[in-house]
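Asks: Starting from these lines, generate the structure:
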Amino acid sequence: MIWDWIAEPLQYDFMVRALVTTVIAAVVCALLSCWLVLVGWSLMGDAVSHAVLPGVVIAYVLGAPFAIGALVFGLLAVALIGLIRGTSRVKEDAAIGIVFSTLFALGLVMISMTPSQTDLNHIIFGNILGVSDADLLQIAILAAVAFTVLVVKRRDLTLYAFDPTHAFAIGLSPRMLGALLLGVLALTAVVALQVVGVVLVVAMLIIPGATAYLLTDRFGRMLVIAPVLSAACSVVGIYLSYWIDAASGGLVVVVQGCVFALVYLFSPRQGVIGRRLRQRNALRSGGAAVRGHHGSA
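Replies: Sure thing, here's the model as predicted:
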């Protein structure tokens with residue numbers, strides 16, 4: 001019975017492509033999310049994922065691959081945020097809000113002026129079940145580039161996330177490392193577009209890292225836990241979408257959110273319930289020690 005439940009969706013090529021694509025995107029997004037959570041760039045991930053929309057529309061009109069337009073506008077958004085922050089009194093969070101809301105609104109206006117909106121709506125809300133072999137190859141290449149950069153530069157990026165001052169002291173450039181991380185963020189957002197769409201990309205870029213952060217105090221373990229959990233949640237989400245006939249990208253994010261909620265509540269060290277149980281046990285132990293002291297006196 002269980003085997004039939006697992007095997008039946010694999011009879012269809014579109015389901016196999018969806019599973020492979022989702023796992024690829026989940027792994028690279030989760031890996032990057034570990035650094036985003038440490039640096040505090042959750043809003044930056046949201047900004048880049050929304051700002052790529054005009055690039056997608058332009059690529060659609062020109063008949064070019066969506067990834068090219070999305071990547072160009074993702075990098076443009078990063079550059080504009082840095083420009084506004086560096087040349088004015090506007091703080092980073094305000095600059096992020098200005099850039100991502102303006103570019104996203106521009107994308108919506110462009111969609112309303114485009115004759116056929118079907119493919120563009122898929123980009124907004126995701127269309128993982130419609131991924132072609134060419135799309136899969138494109139996503140795999142982009143993900144491989146992002147994954148390679150993160151793995152090769154993981155020590156430098158980790159030092160930048162924990163202590164930019166020390167990174168500068170030993171000869172590294174925090175500005176260059178920050179720019180590199182933002183570039184990988186733009187690339188990874190493009191990878192996730194086909195899976196969950198523009199609206200939910202930020203979830204895949206934040207939830208895995210936040211979940212792993214509650215499970216371990218060691219960053220090296222975070223880099224393992226986050227991709228494994230994200231890939232598992234993605235597979236469960238795709239299977240659920242097949243069996244209950246619901247939106248695939250949405251279910252992938254819902255499953256990730258449910259896992260985060262469970263970890264938030266029941267994590268042995270950082271979970272809310274776990275902390276309260278430890279506090280209660282500590283109070284009981286302290287009370288017992290006090291009573292024992294008075295009894296011996």
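Asks: Regarding the chain, what is its longest helix?
Replies: helix 174-215 (DSSP state H).
Asks: tell me, how many neighbours does residue 88 end up with?
Replies: 10 (other C-beta atoms under 10 Å). Every C-beta, even on glycine, is put in place using the N, C-alpha and C of the backbone.
Asks: what's the answer for residue 270, then?
Replies: Residue 270: 15 neighbours (other C-beta under 10 Å).
Asks: what's the answer for residue 159, then?
Replies: Residue 159 has 17 neighbours, counted by other C-beta under 10 Å.
Asks: How is it assigned, secondary-structure-wise?
Replies: helix (DSSP: H, G, I helix; E, B strand; the rest coil).
Asks: Not counting its neighbours along the chain, what's nearest it?
Replies: Distances taken as C-beta to C-beta, 6 or more residues apart in numbering place residue 167 nearest to residue 159, at 4.6 Å, with adjacent residues excluded.
Asks: Quick check: the gap between the residue nearest the centre of the chain and residue 143.
Replies: The centre of the chain sits closest to residue 205, judged by C-alpha atoms, centre = their mean, with a distance of 1.0 Å. Per C-beta to C-beta, to the nearest Å, residue 205 is found 13 Å from residue 143.
Asks: shared neighbours, those two?
Replies: Common neighbours of residue 205 and residue 143 are listed as residue 188 (criterion: C-beta atoms under 8 Å, 6 or more residues apart in numbering).
Asks: Could you figure out how far the helix or strand containing residue 108 is turned away from helix 174-215?
Replies: Using DSSP states H and E, residue 108 sits in helix 92-112. With axes from the mean of the first three to the mean of the last three C-alpha atoms, to 10 degrees applied, the angle from helix 92-112 to helix 174-215 works out at 90 degrees.
Asks: Skipping adjacent residues, who's closest to residue 17 in space?
Replies: Residue 17's closest residue in space is residue 131 (C-beta to C-beta, 6+ apart), at 5.0 Å.
Asks: Would you mind listing the residues in contact with the one you found?
Replies: So residue 131 contacts 14, 17, 18, 21, 139, 194 (C-beta under 8 Å, 6+ apart).
Asks: State the distance from it to residue 66.
Replies: Distance from residue 131 to residue 66, by C-beta to C-beta: 12 Å.
Asks: Same question for residue 115.
Replies: Residue 115 is 17 Å from residue 66, by C-beta to C-beta.
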